[in-house]
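> Sequence and predicted structure are below.
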Amino acid sequence: MDILFKKEAEMDATKSQERRGRPVTVGQRNGWWQKTWPAALGMVVAAATAYGLTDGRAVAPVVAASGLVYLAAAATGRPRAAWVAFGVTIPLITVGKLTGLDVTPWLLALAAVMLVVGLARRRTRPWWALPLQTAAMLVLGAAALIAVQLNATLGGLLVATALLAHAAWDIHHHRTRRVVVRSLAEFCAVLDILVAVIVAVIALTS
């Protein structure tokens with residue numbers, strides 16, 4: 001936590017120096033990159049997700065994955081576990097995109113495993129983190145499952161709505177610094193918003 005505050009202070013100092021015409025050191029430039037890489041990565045993943053997309057329902061697994069990464073962090077009590085969970089979802093979603101297979105059930109199975117892990121540990125702090133993230137996972141998982149059963153327009157709009165709702169979830173956790181690391185929350189917010197807009201446009205114009 002102290003490291004995060006220190007980095008933010010360095011960013012403020014860098015901006016102040018730039019306004020005064022003072023040179024910015026390499027270390028300060030690195031601090032700027034460390035501050036912006038989550039959003040940049042979110043844009044890259046959003047572009048990869050949208051590439052070749054013609055049906056918003058194909059993004060339904062991303063909705064389930066967005067809940068899984070938070071549940072993994074809550075279940076293990078380790079905020080950085082969200083990044084590990086994200087890394088696990090990438091190959092699954094990629095396989096689904098290349099083969100047309102709906103991998104949402106597999107993501108929900110992983111979520112069930114994480115819930116069991118969290119219940120077995122019984123050391124999640126705060127105590128309400130696991131129940132809250134489990135409830136969010138259930139809502140997002142249900143939205144993903146329902147979306148693929150609807151027509152392209154309704155299903156796509158449901159996916160877009162779920163992603164926008166989760167973007168608000170990301171922003172809340174980014175501001176409160178809870179459950180997941182801020183870099184994951186920022187990355188996920190950018191990804192969710194961009195993909196939601198793209199999916200909504202496809203759903204309304206296809």
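Looks like it arrived, so ask away. Numbers count the residues shown, from 1 in each chain.
> lowest-confidence helix or strand of this structure?
When each helix and strand of the chain is scored by mean pLDDT, DSSP states H and E, helix 2-19 comes last, with a mean of 46.
> What's the first helix or strand after that helix?
helix 26-50 (DSSP states H and E).
> That next one: what's the following helix or strand?
As assigned by DSSP H and E, the chain's next helix or strand after helix 26-50 is helix 60-76.
> helices and strands around that next one, which ones?
Of the remaining helices and strands, those touching helix 60-76 by 3 or more C-beta pairs under 8 Å, 6 or more residues apart in numbering; DSSP states H and E are helix 81-99, helix 104-121, helix 129-147, helix 152-176, helix 182-205. For glycine as for every other residue, the C-beta is placed from the backbone atoms N, C-alpha and C.
> do that again at 6 Å, thanks
Applying 3 or more C-beta pairs under 6 Å, 6 or more residues apart in numbering; DSSP states H and E, one finds that helix 60-76 contacts helix 81-99, helix 104-121, helix 129-147, helix 152-176.
> who wins for proximity to residue 44 among those helices?
helix 81-99 (12.1 Å; C-beta to C-beta).
> Name the residues of that closest one that are buried.
81-83, 85-86, 88-89, 92-93, 96-97 (16 or more other C-beta atoms under 10 Å).
> Quickly name whichever of those residues is closest to residue 34.
Closest to residue 34, out of all of the buried residues of helix 81-99 and judged by C-beta to C-beta, is residue 83, at 14.7 Å.
> The nearest residue to the closest one once chain neighbours are set aside and residue 102, how far apart?
With sequence-adjacent residues excluded and distances taken as C-beta to C-beta, 6 or more residues apart in numbering, residue 83 is closest to residue 184, at 5.7 Å. Residue 184 sits 25 Å away from residue 102, going by C-beta to C-beta, to the nearest Å.
> do residue 40 as well
Here the distance between residue 40 and residue 102 works out to 30 Å (C-beta to C-beta).
> So which of the two has more stuff around it?
Set residue 40 next to residue 102 and count neighbours by other C-beta atoms under 10 Å: residue 102 wins out with 16 against 12.
> Please tell me how far residue 191 sits from residue 129.
Taking C-beta to C-beta, one finds residue 191 at 22 Å from residue 129.
> Between those two, point out the one with more neighbours.
residue 191 (27 against 19).
> residues contacting the residue lying closest to that one once chain neighbours are set aside?
Closest residue to residue 191 apart from its sequence neighbours, by C-beta to C-beta, 6+ apart: residue 42 at 4.2 Å. Shown in contact with residue 42 (C-beta atoms under 6 Å, 6 or more residues apart in numbering): 187, 190-191.
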